[in-house]
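# Quick one: sequence plus predicted model below, questions after.
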Amino acid sequence: MKALIYVLAILGIGAGAYFSNASKQALDAQFEKHQEVVDSNRRVQASIDKTKTELDDENTKLTGANETLAEVDANISKLKSDQASLTREISTVEGDIEEQKAELDKANRALTEVQRVFQELDIPGDVNMDTIQENVKSLTDRQKELAAEVDELNSTIESTEKSIVQNRDEITRLARRKSERDRRMSRNSMSSIVTGVDQNYGFVIVGAGTNSGFKPQSKLIVTRNGRRIAEVTPSSVEATQTVAEIDFDTLAPGVVIQPGDRVILSAPATN
């Protein structure tokens, strides 16, 4: 029995050794595979890192290329703008040249006209820029003299016109005043005539009295041919006649009241 146990133990030990060796070989194989995977991963990671570095370099180059392209585009735009500006300047210069040509033609025509005028004015000598300047100076001096005379005449005319305007204004004012006075006097319906005059005692007799509206306090105006010649003040008023004193301060110079002169009320048409 012991022998059998020993045999079984020996067989067990042998089997264990066999399986242990087989496991070690399998483990070694598995380790080698693992190592190969690790090495492969390292190579892949190195390739990734290299590719990433190359990609970063490409991106950097692309960014630089884009910046260069943008700069080129900006330069092209600037060149186009400069070209447009130069084109405009060329057009302006061409226009200026045409204007200068026109001015030159105008100057030549003016010179021809000046020559003709000088011939009409009997100005001797050839007409050129020097003689033109001399003659123009002479004509300018003469023009100044004539201008001074014209200014003096204008001043005289202006003064005369002002005097005329003032006289017209005064005439208009007097005419308006006379018209207003005549209008007022024409509205006065109470009027009569002088029937008698006493120059020594200074009174007149008027052929109208209270029946015609005359009152002791009335102020009367004596007129002749529609023109006022004096004022009289009633001193005695009867029904059909009035005795009035002459106001010699109002008597027109060189005028004597005579029978037949017309008498009207001063109020309300006073002057």
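Happy to help now that I have it.
# so where's the longest strand in the chain?
Taking DSSP state E as the criterion, the chain has its longest strand at strand 227-237.
# for the record, mean pLDDT for it?
Mean pLDDT, strand 227-237: 94.
# now do stretch 150-164
Throughout stretch 150-164, pLDDT has a mean value of 81.
# Now do the buried residues in that stretch.
Using 16 or more other CB atoms under 10 Å as the test for burial, stretch 150-164 gives no buried residues. All C-beta atoms are positioned from the backbone trio N, CA, C, and that covers glycine.
# Export that stretch to CSV, keeping only CA atoms.
Extracted C-alpha coordinates of stretch 150-164, given in CSV (Å, rounded to 0.1, in the frame of the first residue of the first chain):
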residue,chain,number,x,y,z
VAL,A,150,-17.4,159.4,-62.9
ASP,A,151,-17.3,159.0,-59.1
GLU,A,152,-17.5,162.8,-58.7
LEU,A,153,-20.4,163.0,-61.2
ASN,A,154,-22.1,160.1,-59.4
SER,A,155,-21.6,161.9,-56.1
THR,A,156,-23.1,165.1,-57.6
ILE,A,157,-26.0,163.1,-59.1
GLU,A,158,-26.6,161.3,-55.8
SER,A,159,-26.7,164.6,-53.9
THR,A,160,-29.0,166.1,-56.5
GLU,A,161,-31.3,163.0,-56.4
LYS,A,162,-31.4,163.2,-52.6
SER,A,163,-32.3,166.9,-52.9
ILE,A,164,-35.0,166.1,-55.5
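# quick one: that stretch to chain centroid distance?
Chain-centre distance of stretch 150-164: 34 Å, with CA atoms, centre = their mean, to the nearest Å.
# hmm, back to that, give me the sheet partners of the longest strand of the chain and which way each runs.
Here strand 227-237 has these sheet partners by DSSP bridges: strand 220-224 (antiparallel), strand 242-247 (antiparallel).
# Could you export those strands as CSV, including mean neighbour count?
Formatted as CSV, these follow (neighbours: other CB atoms under 10 Å):
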stretch, mean neighbour count
strand 220-224, 21
strand 242-247, 20
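# Of all those strands, which one is nearest R262?
strand 220-224 (5.0 Å; CB to CB).
# which residues are contacting that closest one?
Here strand 220-224 makes contact (CB atoms under 8 Å, 6 or more residues apart in numbering) with 185, 194, 204, 206, 214, 228-234, 242, 244, 255, 257-258, 261-266.
# Which among those residues count as buried?
So, by 16+ other CB under 10 Å, the buried ones in the contacts of strand 220-224 are 185, 194, 204, 206, 214, 228-232, 234, 242, 244, 257, 261-266.
# all strands of the stretch 151-271 of the chain, in order?
Applying DSSP state E, counting those that start in this stretch to the stretch 151-271 of the chain gives strands spanning 191-198, 203-206, 220-224, 227-237, 242-247, 262-265.
# picking up where we left off before, closest to V37 out of the strands paired with strand 227-237?
strand 220-224 (151.2 Å).
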